[in-house]
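J.: this one's sequence-less:
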């Protein structure tokens with residue numbers, strides 16, 4: 001079984017903390033992503049929490065957000081870095 005992955009991604013909004021955890025779904029490993037995205041509220045930096053699943057595209061070997069329509073556009077931009085982190089692990 002794969003181990004959880006923790007990573008920090010630098011964005012224009014600040015550092016995004018991510019935790020990727022493998023989850024078995026009918027014999028297939030998907031990755032559950034918990035993403036803490038920085039958000040400035042009245043001069044105070046807080047994090048918004050996003051949780052999404054990443055599935056493997058067997059043709060490309062890359063991971064993608066399972067329901068891209070529900071993913072915040074800023075989080076969607078992190079997809080390549082998250083996929084790369086999973087593929088390297």
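T.: Arrived safely, thanks for sending. Remember, predicted model here, so these are calculated numbers, not experimental data.
J.: For residue 56, which residues are in contact?
T.: By Cβ atoms under 8 Å, 6 or more residues apart in numbering, the contact list for residue 56 reads 28-30, 62-63. Using the backbone N, CA and C atoms, a C-beta is placed for each residue, glycine as well.
J.: For the residue most central in space within the chain, give its distance to residue 73.
T.: For the chain, residue 33 is the residue whose C-alpha lies nearest the centre (Cα atoms, centre = their mean; 4.4 Å). In this view, residue 33 and residue 73 are 16 Å apart by Cβ to Cβ, to the nearest Å.
J.: Check residue 21 too.
T.: Distance, residue 21 to residue 73, using Cβ to Cβ: 24 Å.
J.: what does residue 3 give?
T.: 30 Å.
J.: okay, the two: which has more neighbours?
T.: Neighbours per residue, other Cβ atoms under 10 Å: of residue 3 and residue 73, the larger number sits with residue 3, 9 against 6.
J.: give the contact list for the closest residue to that one other than its chain neighbours.
T.: Excluding its sequence neighbours, the residue lying closest to residue 3 (Cβ to Cβ, 6 or more residues apart in numbering) is residue 89, at 7.2 Å. Contact analysis of residue 89 by Cβ under 8 Å, 6+ apart lists 2-3, 5.
J.: Would you mind putting these into a markdown table with secondary structure alongside?
T.: As requested, the contacts of residue 89 are exported to a markdown table (DSSP: H, G, I helix; E, B strand; the rest coil):
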| residue | secondary structure |
| --- | --- |
| 2 | coil |
| 3 | coil |
| 5 | strand |
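J.: Low-confidence stretches in this structure?
T.: By pLDDT under 70, the low-scoring segments of the chain are 1.
J.: What are the contacting residues of stretch 22-34?
T.: 1-4, 18-21, 49-56, 63, 66, 82, 86.
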